[in-house]
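Chemist: My questions are about this predicted structure, shown below with the sequence.
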Amino acid sequence: MQPTIETLRVVLTPAVPGDAGRLHVLLAIPEVRRFLCDDRVLGADEVSGLLAEALALADDGLGFWMLLTKAGAFIGLAGLMPVFAGAVETFPEFTGDIEPTIALAPEVWGRGYALQALSVIMAHARALGRQRLAALVDAPNMRSHRMVERAGFVRIGTTPGPLHTLVAYVAETRHTG
């Protein structure tokens, strides 16, 4: 089951079907969709479908969380989802792995919320018994490269993506002593 996770600055609440509208708005923001949605505006039905896929994983502790400030303002999305099939073709070692997703409203970029959210979902993955996480970052997305590297991800290679080369990273989630 997905827990609600509180940090000093943010609250991650498990997504519910009623979150489709605010996810649709978030994913339509040009700066957000540029890399996360390959610069495509997703229709409401597509967003509802993504949310349904995430909700189906909730019993396994995976899926989407809504990111809220301590005051309750919605600022974005965090997720743990299976690595997509195209990446597994290039990196067979990603079979069965999960990948974090972070999407924040641009007005809160640069405040450390994304790294904090990534850190807590990495800890959640560790609590689920996951040995490692994979991450695929669009080559020109320098903010995401810095974030995953600060969180301990290590670059292992590249693969073609829909619009840009994707840089593959892995992070061990187990404690090493």
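Modeler: Received it, and whenever you're ready, just let me know what you need.

Chemist: going forward, measure contacts between C-alpha atoms and count neighbours the same way
Modeler: Noted.

Chemist: on contacts alone, who are the packing partners of the helix or strand of the chain with the lowest mean pLDDT?
Modeler: Ranked by mean pLDDT, DSSP states H and E, the weakest helix or strand in the chain is helix 85-90, scoring a mean of 82. Contact here means 3 or more Cα pairs under 8 Å, 6 or more residues apart in numbering; DSSP states H and E; on that basis helix 85-90 packs against no helix or strand.

Chemist: which stretches of the chain form strands?
Modeler: For the chain, the strands defined by DSSP state E cover 5-6, 10-14, 63-69, 74-82, 98-104, 132-138, 154-160, 165-172.

Chemist: Report the residue spans of the chain with pLDDT below the cut-off.
Modeler: Applying pLDDT under 70 to the chain flags residues 174-177.

Chemist: residue closest to the middle of this structure?
Modeler: Geometric centre of the chain, nearest residue: residue 101, 0.7 Å, by Cα atoms, centre = their mean.

Chemist: Can you tell me the closest non-neighbouring residue to it?
Modeler: residue 79 (4.7 Å; Cα to Cα, 6 or more residues apart in numbering).

Chemist: what's near enough to touch the one you found?
Modeler: 62, 63, 64, 65, 99, 100, 101, 102, 121 (Cα atoms under 8 Å, 6 or more residues apart in numbering).

Chemist: Specify the helix with the largest residue count in the chain.
Modeler: Using DSSP state H to define each element, the chain has its longest helix at helix 113-127.

Chemist: That one - contacts with which helices or strands?
Modeler: Other elements packing on helix 113-127 under the criterion 3+ Cα pairs under 8 Å, 6+ apart are strand 10-14, strand 74-82, strand 98-104, strand 132-138, helix 142-150.

Chemist: what's the least confident helix or strand of the chain in contact with?
Modeler: Taking Cα under 8 Å, 6+ apart as the rule, helix 85-90 contacts 94, 95, 159.

Chemist: For the closest residue to the last one other than its chain neighbours, list each beta-bridge partner.
Modeler: It refers to residue 159. Residue nearest to residue 159 in three dimensions, not counting chain neighbours: residue 166, with 5.3 Å by Cα to Cα, 6+ apart. Listed beta-bridge partners, residue 166: residue 138, residue 159 (assigned using DSSP bridges).

Chemist: ok so, going back, out of the helices and strands packed on helix 113-127, which gets nearest to residue 42?
Modeler: strand 98-104 (14.5 Å; Cα to Cα).

Chemist: the inter-axis angle of that closest one versus helix 142-150?
Modeler: Interaxial angle of strand 98-104 relative to helix 142-150 (axes from the mean of the first three to the mean of the last three Cα atoms, to 10 degrees): 130 degrees.
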